[in-house]
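Undergrad: next come a sequence and a model predicted from it.
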Amino acid sequence: MRSFVDAVKGFDEDQLRSLLELRSDLGELASVDRRWLAARVIDPLSVRRCLEAVDLGARQVLEALCLLSPSATIEAVAALLSEETTTAAVAAVVDRLASIALLVRTGDELTPNPGLSVIRYPAGLGPPVASTHGRVPPGGLGEIAGRIGAIPAGNRRATLARVAEVLGDPSKVRYLVERGPPGTRELAARLAFEGPTVIVAGASYHPTDKTSVGWLIRRGMAIALSWDTVTMPREVAMALRGGRPFPTVALSPPELEWKKVSGESVDRAGAEAARALVEDVTRLATAWAALRPRLLRDGGLGVREVKRAAKITSRSVRDVSVVIELAAVSGLIGSDSDGQVLLTTAYDRWLSRPPVERWVILAAAWWRARVDVGFAGADTDTRPIAPLLIRRFDDSAVDRRRLMAQIVTEIEIGRSVPPESIAVRAQWRRPGAAALTGLPMRVVAEWWLCEASVLGLFADGSPTGPGRCVFTDRLEEAATLMAGAAGVQDGSLVVQADLTALAPGRLGWAVRAEMELLADVESSGSATVFRLSEATVRRAFDAGRSAAEILDFLQANSARALPQTLEYMIADIERRHGRLRGGAASSFVRSNDEALLAELVANRRLSRLGLRLLAPTVAVSKADPSLLIETLRVAGYLPVLENADAEAVLTLTPPTRAQRGLYPDPSESVAEDAAIHTAPPVLRLL
């Protein structure tokens, strides 16, 4: 330790500057004290954090060095790793590790950072024989020596050395394993390659040669740590591994498999995924507003509700779980005290935006979410993990997301790489990045690829143009590119006499947004069918559209002339729209049509409103304005709300909404005002 600390204290200005740039937890150059720095560099917590950021090749070199410690040469490390490993390849990795002070290099001599003691089991190998057998009584040690063919010596230390020599000989270890009872070979392989500890029921209960675990324990090839936990001495495991700590040495990143693909086709596929995401979030929200699903008592959405959502969106359970979780981290979904799932007020603001902006809001919320969105729907031994399962925030999720973004943006435009190859590269680049999840980085990489594909940021094995922008925090540029990729209209509307509008091809997002205002989606798939009705057209009038604007829009996007029935309906609604005006007085109704107002007062279906005439053109009601307007609409009239200045308020009565989402933390949900004010301009759309 003293030599390592002295070496750190002796760093020149260039070495010191490089170290502080690479390890931000060590402070700034102007304020650092070398003695404090030397103590900080070997701090186990700092070393552990640093280890999580190194690649697999660097980790293998470090763990090999730990097996050879207290010090070793580059040649010794290369020889331990494999016969094919060159000293030049090890030296390149050593230089990177020396720059972050995980080791010190003096010529070819390597001294490991004392803080590397946090690696309790280098290469997944158990403790050495000297440690596992050090407390075995002399008589017991002699019995072990006799069973494995080692001649006991006159003293304990010498006997232990002879036992270690035999247990480290690959040929003798294989011979002993082959002579064991059935199952010995399989158990020995598990202990050697899946260690350092393995669960074996009843391992410490009276071991005998009739059982595989008893056979290994009685020959010192395994040690029972508890009733059901067994470990294998390091020398034995190394012997079974052929004298090498790692089955495969990977000092350089694995090559990515790839094939040619059109960049335009990738962007089109991403745009289709983005469009489907926005439509499916809207479709689910509409269904949930009526169904009001509930969260399970233990949290999360039940299997039946998830399957229902999958049917509504025509997605797999895996993908629809990611869609639901994306809506949650965007602040569009909340719940009440009874666990009932509700849409939030942020959803109404989200829905009022054009489709491209809705997509950007979802993508931006995902990009900074402090949870692994792909965790929802991931397979387990029993069933997929439920979406909306509230979890503790994990800042490392953001780091993993950016790591994966860095990996996929290295894929050249025009190349398609299979997800499996990307996952392998991610596992090599940062094997410790997923430590808090308890899963390999490869699995977390597969989650990320699922999330990015659902968002339209990754398609056909390549990042899309908008995806590359999101991955580099250029959200406004991503919106522009997505609008261009998704704005192409491959088919026109066909408005039919039954007041349905058929869209056989892809509609541009602007056209789609206007059609969602004018009509309800009746069915979707390869073609979309919209249903125009008096209620939907009235919705457009309430939003400020005029009859001329509606007709011009439909005619411009229709492949044939509009049916006269539609023109008549629009003209009739324009004539009647706003003839009745309601407001607060408690509430009132006024109209220049005296006969119509008299008809309202005499209508028995409206008796609960308590309408009475104050004048031939004005009636008052005991109901509040929202109930008054809604009741008149249900009765078949077309009133509009009026404010104190006698101006029409062209809005819809808001439904019941949750005041905040399931992820209320401001840094997590774009629905929170604090987040919106500090977010990039595109996020302020909400």
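TA: Right, received. Where do you want to start? Residues are numbered from 1 along each chain as shown.
Undergrad: kindly format the C-alpha coordinates of stretch 318-327 as CSV.
TA: Provided in CSV are the C-alpha atoms of stretch 318-327 (Å, rounded to 0.1, in the frame of the first residue of the first chain):
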residue,chain,number,x,y,z
ARG,A,318,-44.3,-7.1,-23.6
ASP,A,319,-44.7,-4.1,-25.9
VAL,A,320,-47.9,-2.8,-24.4
SER,A,321,-46.3,-2.9,-20.9
VAL,A,322,-43.6,-0.6,-22.2
VAL,A,323,-46.3,1.7,-23.8
ILE,A,324,-48.1,1.9,-20.4
GLU,A,325,-44.9,2.6,-18.5
LEU,A,326,-43.9,5.4,-21.0
ALA,A,327,-47.2,7.1,-20.4
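Undergrad: got the contact list for that stretch?
TA: 277, 280-281, 284-285, 301, 306, 309-310, 313, 315, 333, 362, 365-366, 373-379, 384-388, 450-451, 454-455 (C-beta atoms under 8 Å, 6 or more residues apart in numbering). Just so you know, the C-beta spots here come from the backbone N, C-alpha and C atoms, and that holds for glycine as well.
Undergrad: just the buried subset of the residues you listed, please.
TA: Taking 16 or more other C-beta atoms under 10 Å as the criterion, what is buried in the contacts of stretch 318-327 is 277, 280-281, 284-285, 301, 306, 309-310, 313, 315, 333, 362, 365-366, 373-378, 384-388, 450-451, 454-455.
Undergrad: narrow those residues to those in helices?
TA: 277, 280-281, 284-285, 306, 309-310, 313, 362, 365-366, 450-451, 454-455 (DSSP state H).
Undergrad: out of those, which one sits closest to Ala543?
TA: Ala285 (18.4 Å; C-beta to C-beta).
Undergrad: I'd say the closest one and Leu343 touch.
TA: Yes - contact criterion C-beta atoms under 8 Å: Ala285 and Leu343 qualify, at 5.5 Å.
Undergrad: what's the overlap in contacts for the two?
TA: Residues touching both Ala285 and Leu343 (C-beta under 8 Å, 6+ apart): Leu332.
Undergrad: run a quick neighbour tally on Gly107.
TA: By other C-beta atoms under 10 Å, the residues close to Gly107 number 7.
Undergrad: can you tell me how far it is from Ala123?
TA: Per C-beta to C-beta, to the nearest Å, Gly107 is found 26 Å from Ala123.
Undergrad: centre of the chain to stretch 355-367, how far?
TA: 15 Å (C-alpha atoms, centre = their mean, to the nearest Å).
Undergrad: repeat that for stretch 578-593.
TA: For stretch 578-593 - counting by C-alpha atoms, centre = their mean - the centre lies 51 Å from the chain centre.
Undergrad: any idea how far apart the tips of it sit?
TA: 11 Å (C-alpha to C-alpha, to the nearest Å).
Undergrad: let's have the chain start at 31 instead
TA: Fine by me, first position is 31 from now on; the one you just mentioned is stretch 608-623.
Undergrad: for it, which residues meet the burial criterion?
TA: 608, 610-614, 617-621.
Undergrad: any idea which of those residues is least confident?
TA: pLDDT is lowest at Ala614 among those; the value there is 54.
Undergrad: so the residue nearest to Pro493 when sequence neighbours are not counted is in which element?
TA: The shortest distance from Pro493 to any non-neighbouring residue, by C-beta to C-beta, 6 or more residues apart in numbering, is to Val438 (4.9 Å). Val438 is part of helix 426-439 when elements are defined by DSSP states H and E.
Undergrad: just checking, next helix/strand downstream of that helix?
TA: Helices and strands here follow DSSP H and E; after helix 426-439, the next one along the chain is strand 445-446.
Undergrad: dump the residue contacts of Val120.
TA: 91, 104, 107-108, 111, 281.
Undergrad: out of the residues you listed, which sit inside helices?
TA: 91, 104, 107-108, 111.
Undergrad: among the contacts of Val120, which pair sits farthest apart?
TA: Maximum distance among those (C-beta to C-beta): 12.2 Å, for Ile104 and Leu281.
Undergrad: send me the helix holding Val438 as CSV with only the CA atoms.
TA: In CSV, the C-alpha atoms belonging to helix 426-439 read as follows (Å, rounded to 0.1, in the frame of the first residue of the first chain):
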residue,chain,number,x,y,z
SER,A,426,-28.0,4.7,-12.6
ALA,A,427,-30.9,4.0,-15.0
VAL,A,428,-30.1,7.3,-16.7
ASP,A,429,-26.4,6.3,-17.0
ARG,A,430,-27.3,3.0,-18.5
ARG,A,431,-29.6,4.6,-21.0
ARG,A,432,-26.9,7.0,-22.1
LEU,A,433,-24.4,4.2,-22.3
MET,A,434,-26.7,2.2,-24.7
ALA,A,435,-27.3,5.4,-26.7
GLN,A,436,-23.5,5.8,-27.1
ILE,A,437,-23.2,2.2,-28.3
VAL,A,438,-25.9,2.3,-30.9
THR,A,439,-24.9,5.7,-32.3
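Undergrad: circling back to that earlier point, ranking by neighbours, what's the top pick from the contacts of Val120?
TA: Val91 (30 neighbours).
Undergrad: how much space separates it from Gly491?
TA: Plainly put, Val91 is 32 Å away from Gly491 if you go by C-beta to C-beta.
Undergrad: could you chop this structure up by domain?
TA: 32-149, 159-270, 289-514, 524-603, 609-667 (automatic domain parsing).
Undergrad: how long is the fourth one end to end?
TA: Right, the one you point to is domain 524-603. One end of domain 524-603 to the other measures 22 Å (C-alpha to C-alpha).
Undergrad: report the contact partners of the nearest residue to Leu362 once chain neighbours are set aside.
TA: Nearest residue to Leu362, sequence neighbours excluded (C-beta to C-beta, 6+ apart): Tyr377, at 4.3 Å. Taking C-beta under 8 Å, 6+ apart, we find Tyr377 in contact with 315, 362-363, 687.
Undergrad: ditto for Ala340
TA: 346-347, 349-350.
Undergrad: apply 6 Å and report the result again.
TA: 347, 350 (C-beta atoms under 6 Å, 6 or more residues apart in numbering).
Undergrad: per-residue pLDDT, it?
TA: 92.
Undergrad: likewise for Ala280?
TA: 93.
Undergrad: ok, it to Ala108 distance?
TA: Ala280 is 14 Å from Ala108, by C-beta to C-beta.
Undergrad: cool, Thr439 as well?
TA: From Thr439 across to Ala108, the span is 33 Å (C-beta to C-beta).
Undergrad: got the phi/psi numbers for the closest residue to Glu224 other than its chain neighbours?
TA: Leaving aside its chain neighbours, Glu224 sits nearest to Gly154 (7.9 Å; criterion: C-beta to C-beta, 6+ apart). Main-chain dihedrals, Gly154, degrees, to the nearest 10: phi 70, psi 20.
Undergrad: the residue nearest to Asn622 when sequence neighbours are not counted: neighbouring residues, count only.
TA: Spatially, and ignoring its direct neighbours in sequence, Asn622 is nearest to Thr647 (6.0 Å; C-beta to C-beta, 6+ apart). Counted with other C-beta under 10 Å, the neighbours of Thr647 add up to 14.
Undergrad: just list whatever residues bridge to Val134.
TA: Thr141 (DSSP bridges).
Undergrad: what sits against it?
TA: 34, 37, 141.
Undergrad: distance check, the last one against Ala37.
TA: So that's Thr141. 7 Å.
Undergrad: all helices for the stretch 181-330 of the chain, in order.
TA: 186-197, 200-208, 214-223, 242-248, 264-270, 293-321 (DSSP state H, counting those that start in this stretch).
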